[in-house]
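Colleague: Task: produce atomic coordinates for the following.
(one chain, ligands or ions: 2)
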Amino acid sequence: MKWTVRQKIFVCMGLIVLIIGGVHAVTKQVYMESQFDEFRKHEIDAAYLSAPPGEQIEILKTFVSGKMKLFVLGNLAFFIATGLLISLWISGILTLPLRKLVAAIERVAQGDLDVNVPVPSNDEYGKVIHTFNDMTLRLREAEDARRRLVADVAHELRTPLSIMQLKLENAQQADQSVSPEMLLRLQDEVIRLGHLVEDLHVLSLAEAGRLALDCKPLDLSAKLEQIVDDVKMEAEENGLEMSFHSKAKPVPVMADARRITQVFINLLTNAIRYTPEGGKISVVLEDTVQERNAVYTRVSVTDTGIGIPAEELTHLFDRFYRVEKARARHTGGTGLGLSIAHHFVRAHGGFIRVASEPDRGTTFAVYLPAGE
Ligand SMILES: Nc1ncnc2c1ncn2[C@@H]1O[C@H](COP(=O)(O)OP(=O)(O)OP(=O)(O)O)[C@@H](O)[C@H]1O
Ligand SMILES: [Mg+2]
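Modeller: Ligands and ions are numbered 1, 2, ... in the order given. As a prediction, the model looks like this:
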């Protein structure tokens, strides 16, 4: 049976009162009887027997009440002391988890997040301690994420900055004027830095839930057709075939055209980047699919590329996450694209699913709430 703290306190206090009250009543009764026996043995003498009945009763009353007064006072002092000691002991036991929790809270307040209080029971204290442990775990995770973010941002900023610094120093040492090619490469690095800073800014807004969307009715089939047209050239340059198919036309959705374009550009650029020459990329639009008890419009971007190992899929939408194989390809991505896409789609009330098989290909399915 699960006992709440309130029930435990109620039962303990009730038992103390019952035991003390009961013991007091019994001892009082026994003591009183023993005093009558005492009186019978030692106080009944010739003077008592010769006294009239009224006086005899008075003598008995004086004897017994005198003894009882002392007994009651002694008994009271004893039971008050015992009651207080037992209450102290029980309250100590009942508040032990609370004291452990307070000690842990003080450690957290001093910045030590590495605390875990053992959960002693299923009562209110147990629940509070459980919630506290969950909370510190989340704080630890948030702190780890913050450290990782700072390290990643520093790393990503350092690379283009050191490239620019090196080039400028070389030019300075050689006492040469900067050639147009070098200027172009410097400008590339500056653009890369600019994109990175912009991506980080948008991502931090999205993560804080402060991304302002300018949602308007949009024909998704026309929009996708235009996006596919825009990136088709790049795909063809990489020896890839790109197609778009819509199961209905028009497909109305409420969306921020600029953000949604960014989502699909991200997915299509990835598909181009991670599909070897000769591969195929297809974009399929379905106007209504039933998912999670709601109706969505689904866009599937499928490629026949290098794929993603199953164990990497869970981290795919994390900031700066890049699959090892992709890192080795020197493709120059920062690993922010999917994270941004995920947040943009979520801000629209949708979600992204991914299915992939290494060396066979990948499908990213974007679900957006269907309708006007
Ligand atoms: N279509 C795909 N096929 C295989 N791997 C993919 C595909 N799309 C994404 N990935 C993997 O997921 C990782 C994260 O993708 P994401 O778009 O977030 O970053 P990125 O493309 O490396 O850089 P960015 O988009 O910021 O320029 C990629 O580095 C790659 O390893
Ligand atoms: Mg990308």
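
Colleague: Alongside ligand 1, which residues does the stretch 251-372 of the chain contribute?
Modeller: 266, 270-271, 274, 303, 305-308, 316, 321-323, 326, 333-339, 362 (CB under 6 Å from any ligand atom). Placement of C-beta: from N, CA and C, glycine included.

Colleague: I281 in helix, strand or coil?
Modeller: Following DSSP: H, G, I helix; E, B strand; the rest coil, we place I281 in the strand state.

Colleague: so it sits right up against F244, yeah?
Modeller: No. In this structure I281 lies outside contact range of F244 using CB atoms under 8 Å: 9.6 Å.

Colleague: Mind jotting down where the strands sit in the stretch 251-372 of the chain?
Modeller: Secondary structure of the stretch 251-372 of the chain (DSSP state E, counting those that start in this stretch): strands located at 252-255, 280-291, 294-303, 351-357, 361-369.

Colleague: Please produce JSON lines containing these, extended by distance to ligand 2.
Modeller: Shown next, in JSON lines, are the strands of the stretch 251-372 of the chain (distance: least, CB to the ion, whole Å):
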{"stretch": "strand 252-255", "distance to ligand 2": "20"}
{"stretch": "strand 280-291", "distance to ligand 2": "14"}
{"stretch": "strand 294-303", "distance to ligand 2": "12"}
{"stretch": "strand 351-357", "distance to ligand 2": "13"}
{"stretch": "strand 361-369", "distance to ligand 2": "11"}
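
Colleague: now those as JSON lines including distance to K41?
Modeller: Shown next, in JSON lines, are the strands of the stretch 251-372 of the chain (distance: least, CB to CB, whole Å):
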{"stretch": "strand 252-255", "distance to K41": "103"}
{"stretch": "strand 280-291", "distance to K41": "96"}
{"stretch": "strand 294-303", "distance to K41": "94"}
{"stretch": "strand 351-357", "distance to K41": "94"}
{"stretch": "strand 361-369", "distance to K41": "98"}
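
Colleague: Identify whichever of the ones you listed lies nearest to E106.
Modeller: With CB to CB as the measure, strand 351-357 is the member of those nearest E106 (40.9 Å).

Colleague: That closest one pairs with which strands?
Modeller: Applying DSSP bridges to the sheet, strand 351-357 is found paired with strand 361-369 (antiparallel).

Colleague: and the angle from the partner strand to strand 294-303?
Modeller: 150 degrees (axes from the mean of the first three to the mean of the last three CA atoms, to 10 degrees).

Colleague: Show me what whichever strand or helix holds L157 is packed against.
Modeller: Assigned by DSSP states H and E, L157 belongs to helix 124-173. Helices and strands touching helix 124-173, by 3 or more CB pairs under 8 Å, 6 or more residues apart in numbering; DSSP states H and E, are helix 5-38, helix 96-109, helix 180-207.

Colleague: how about the ones you listed, which one is nearest ligand 2?
Modeller: helix 180-207 (10.2 Å; CB to the ion).

Colleague: Next SSE downstream of that closest one?
Modeller: strand 216-219.

Colleague: What mean pLDDT does that next one get?
Modeller: Computed over strand 216-219, the mean pLDDT rounds to 94.

Colleague: Grab the nearest non-local neighbour of the closest residue to ligand 2 within the chain.
Modeller: Here the chain gets closest to ligand 2 at one residue, G337, 2.8 Å apart by CB to the ion. Spatial nearest neighbour of G337, excluding adjacent residues (CB to CB, 6 or more residues apart in numbering): N266 at 4.1 Å.

Colleague: At the contact with ligand 2, which residues of the stretch 1-150 of the chain appear?
Modeller: Not one residue of the stretch 1-150 of the chain sits near ligand 2, judged by CB under 5 Å from the ion.

Colleague: show me the contacts for the residue of the chain closest to ligand 2.
Modeller: The contact partners of G337, taken as CB atoms under 8 Å, 6 or more residues apart in numbering, are N266, T269, N270.

Colleague: which residues sit against stretch 102-109?
Modeller: For stretch 102-109, contacts defined as CB under 8 Å, 6+ apart pick out V115, V117, F132, T136, L139.

Colleague: buried ones in it?
Modeller: Buried positions in stretch 102-109, judged by neighbour count with 16 or more other CB atoms under 10 Å: A104.

Colleague: Dump that stretch to PDB, restricted to CA.
Modeller: Extracted C-alpha coordinates of stretch 102-109, given in PDB (Å, rounded to 0.1, in the frame of the first residue of the first chain):
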ATOM      1  CA  VAL A 102      17.600  20.700   0.800                       C
ATOM      2  CA  ALA A 103      21.300  19.700   0.900                       C
ATOM      3  CA  ALA A 104      21.100  18.800  -2.800                       C
ATOM      4  CA  ILE A 105      19.300  22.100  -3.700                       C
ATOM      5  CA  GLU A 106      22.000  24.000  -1.900                       C
ATOM      6  CA  ARG A 107      24.700  22.200  -4.000                       C
ATOM      7  CA  VAL A 108      22.800  23.100  -7.200                       C
ATOM      8  CA  ALA A 109      22.500  26.700  -6.100                       C
END
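
Colleague: Tell me which residue lies nearest the centroid of this protein.
Modeller: The centroid of the chain falls nearest to R138 when counting by CA atoms, centre = their mean (4.6 Å).
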